[in-house]
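Trainee: Give me the fold of what follows.
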Amino acid sequence: MRIGWRGVVGVGSAIGATVFWAIGLAVLQRLSEPVGPDAYAENNTYWVRDLRFMAVIVVVLGLLLAFGGARVSVGPILALGVAWIAADIALDRAGPAGAATAVILAVVGCVAVLTVALSLARRAQSGDDRGAGPGDDRGVGPGDDRRVAGRDRVVLLVVASVGAALAPLAAAIESPTDTESALTPSAVIVGVLLVATTVGAALALVPAGSTGYRIGAGTLAALGGAGVIAVRQFAPPGQLVPMMLLATVLIGGVSLLTSASSGRRPRWRRQVPVFLAVLVGYPVLTMFSLLLTVFGVPVAAWFTALAGSAEVNAADSDTLYALIGLATGLMVGGLLTLAARDAPPAGGDSATGAAPVAGGVSAAGAA
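Mentor: Okay, here's the model as predicted:
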């Protein structure tokens with residue numbers, strides 16, 4: 001089984017997110033919970049839960065990146081994410097606490113990640129997928145950089161979009177007091193992990209031998225990481241402008257890099273409307289997702305009740321920014337996918353529109 005850079009970045013991000021999730025649940029959550037018989041929650045009281053859920057999303061995005069978005073990997077990886085959220089809520093209700101508990105949770109979580117990864121890798125290696133053969137992307141293993149093809153490119157584009165939409169929200173996460181010593185380090189850790197999966201997924205779509213695009217991906221990663229840190233330097237509500245700029249850089253950068261996925265050279269002037277659209281559209285989509293998940297379908301309030309946590313008082317809102325960012329990212333991914341399909345390729349396979357990808361194998365896919 002070959003392990004390429006996608007496997008290193010994807011599984012590495014998933015492991016890092018798992019360790020943070022364990023610390024968040026067993027150590028940080030207890031510090032942020034309202035206590036006492038008359039305790040109530042306020043806006044952003046459950047910031048630790050938000051970052052934990054974002055960490056679970058990083059696990060899912062990282063594993064999808066590691067397997068190149070292969071269709072056979074999507075179901076098991078999404079099932080892992082859903083089961084993980086359910087386990088988080090159940091454990092939150094049980095109230096595990098302490099450093100020893102955090103270590104146990106981290107070990108169990110890492111075992112779960114590696115079990116799913118190895119199971120999918122063995123399935124791909126043994127040819128369990130009927131019809132998988134040379135040039136069929138259904139047999140790609142973790143980080144096997146030889147082929148990312150067909151509809152798998154759509155999965156990776158969505159992975160990059162979700163990470164790009166979530167990273168600014170992670171960086172700007174708040175608490176009722178904003179004085180917790182763990183707040184900024186936690187926000188930066190999760191934000192940087194999201195940037196890593198974003199850039200990794202975008203780079204996986206770049207044609208083979210594109211040194212310029214690899215340099216561009218490195219630049220985007222540096223700007224994204226610096227942007228996450230920069231957002232933390234502003235006190236609310238001063239975070240809004242740098243957060244929007246970070247989203248514009250990440251989503252615009254994803255659009256620029258993935259414009260090479262069909263083998264054509266990007267036209268820089270055509271990226272200007274993309275950046276302007278993101279600058280305006282990202283806050284609009286985020287606000288729409290917020291209104292939908294707070295007032296339309298109050299998922300955060302349901303999760304709070306299931307976890308046995310104190311209810312948010314009526315004057316405030318129980319908000320789950322992880323879900324808001326996920327919904328926004330899915331919408332952005334859909335829009336970028338439509339834009340990519342509308343632009344005809346200038347190179348690649350004339351019959352399929354596929355481009356050569358890392359390793360030189362044609363990305364014809366198994367459509």
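Trainee: So S186: helix, strand or coil?
Mentor: Following DSSP: H, G, I helix; E, B strand; the rest coil, S186 is assigned to helix.
Trainee: Contacts only, for it.
Mentor: With contacts defined as CB atoms under 8 Å, 6 or more residues apart in numbering, the neighbours of S186 are 20, 24, 28, 48, 51, 173. Glycine gets a C-beta too; all of them are placed from N, C-alpha and C.
Trainee: which among those residues end up buried?
Mentor: 20, 24, 28, 48, 51, 173 (16 or more other CB atoms under 10 Å).
Trainee: Of those, just say which sits nearest to V278.
Mentor: Using CB to CB, I173 is the member of these that lies nearest V278, at 20.8 Å.
Trainee: For Y282, give its distance to S13.
Mentor: Distance of Y282 to S13, computed by CB to CB, to the nearest Å: 23 Å.
Trainee: ok, these two, which is more surrounded?
Mentor: Using other CB atoms under 10 Å, the more surrounded residue of Y282 and S13 is S13, with 26 against 23.
Trainee: how about the helix or strand where L290 lies: buried residues?
Mentor: If you go by DSSP states H and E, L290 is part of helix 268-291. Across helix 268-291, burial judged by 16+ other CB under 10 Å covers 274-275, 277-278, 281-282, 285-286, 289-290.
Trainee: How many neighbouring residues does A310 have?
Mentor: Quick note: A310 (other CB under 10 Å) scores 18 neighbours.
Trainee: A strand includes it, no?
Mentor: No - using three-state DSSP, the assignment for A310 is coil, not a strand.
Trainee: ok, it touching A39?
Mentor: Yes - contact criterion CB atoms under 8 Å: A310 and A39 qualify, at 4.8 Å.
Trainee: quick one on the thing from earlier: next secondary structure element downstream of the helix holding L290?
Mentor: Next along from helix 268-291, by DSSP H and E: helix 299-306.
Trainee: Send over that next one as PDB, restricted to the C-alpha atoms.
Mentor: The C-alpha coordinates for helix 299-306 follow below in PDB (Å, rounded to 0.1, in the frame of the first residue of the first chain):
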ATOM      1  CA  VAL A 299     -30.300  21.800  15.900                       C
ATOM      2  CA  ALA A 300     -28.000  23.400  18.500                       C
ATOM      3  CA  ALA A 301     -30.800  23.600  21.000                       C
ATOM      4  CA  TRP A 302     -31.700  20.000  20.400                       C
ATOM      5  CA  PHE A 303     -28.000  19.000  20.900                       C
ATOM      6  CA  THR A 304     -27.900  21.000  24.100                       C
ATOM      7  CA  ALA A 305     -30.900  19.200  25.500                       C
ATOM      8  CA  LEU A 306     -29.600  15.800  24.500                       C
END
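Trainee: List the contacts of it.
Mentor: Residues contacting helix 299-306 (CB under 8 Å, 6+ apart): 41, 46, 49, 89, 93, 293-294, 310-312, 318-320, 323.
Trainee: Any quick PyMOL command for the buried ones out of those residues?
Mentor: The PyMOL selection below is limited to those of these classed as buried (16+ other CB under 10 Å):
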select buried, resi 41+46+49+89+293+294+310+312+318+319+320+323
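Trainee: pLDDT and distance to A102 added to the contacts of helix 299-306, as a markdown table?
Mentor: What follows is those, written out as a markdown table (pLDDT from 0 to 100; distance: CB to CB, whole Å):
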| residue | pLDDT | distance to A102 |
| --- | --- | --- |
| A41 | 89 | 23 |
| Y46 | 93 | 18 |
| R49 | 96 | 16 |
| I89 | 96 | 18 |
| R93 | 93 | 17 |
| T293 | 87 | 29 |
| V294 | 85 | 30 |
| A310 | 89 | 23 |
| E311 | 90 | 27 |
| V312 | 90 | 26 |
| D318 | 91 | 26 |
| T319 | 92 | 26 |
| L320 | 94 | 23 |
| L323 | 95 | 24 |
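Trainee: Many thanks, have a good one.
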